[in-house]
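Participant: Sequence plus the predicted model coming up.
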Amino acid sequence: MAQSIQRELAFLRRKQVETRTGLSRSTIYQYIKDGVFPKPVPLGPRAVGWLESDVSDWIAARVKIARDGGRQAA
């Protein structure tokens with residue numbers, strides 16, 4: 001019997017995203033503006049967070065690019 005494995009959804013706040021990615025606040029927002037980093041999710045009137053799975057997927061994609069020597073698959 002096949003069982004579907006689903007990642008538990010969790011939010012990361014900006015400082016956690018900075019720690020996980022090694023990026024500064026300004027770089028994170030520039031990457032969002034450039035469309036190369038996940039957009040945050042509104043959590044309240046003055047609070048945002050990023051889905052942990054989105055950030056993990058972005059990190060994995062960066063590692064793949066680095067390991068492929070900068071070549072991207074067509």
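Facilitator: Everything's here; your move.
Participant: And the longest helix along the chain, what's buried?
Facilitator: Scanning the chain for the helix with the most residues, using DSSP state H, yields helix 52-67. Buried residues in helix 52-67, defined by neighbour count with 16 or more other C-beta atoms under 10 Å: E52, D54, V55, W58. All C-beta atoms are positioned from the backbone trio N, CA, C, and that covers glycine.
Participant: What's the local residue count around the closest residue to the second one other than its chain neighbours?
Facilitator: Just to be clear, that refers to D54. Distances taken as C-beta to C-beta, 6 or more residues apart in numbering place P38 nearest to D54, at 3.8 Å, with adjacent residues excluded. Using other C-beta atoms under 10 Å, P38 has 16 neighbouring residues.
Participant: isn't there a helix covering V48?
Facilitator: No. Applying DSSP: H, G, I helix; E, B strand; the rest coil, one finds V48 to be strand, outside a helix.
Participant: Report the beta-bridge partners for it.
Facilitator: P42 (DSSP bridges).
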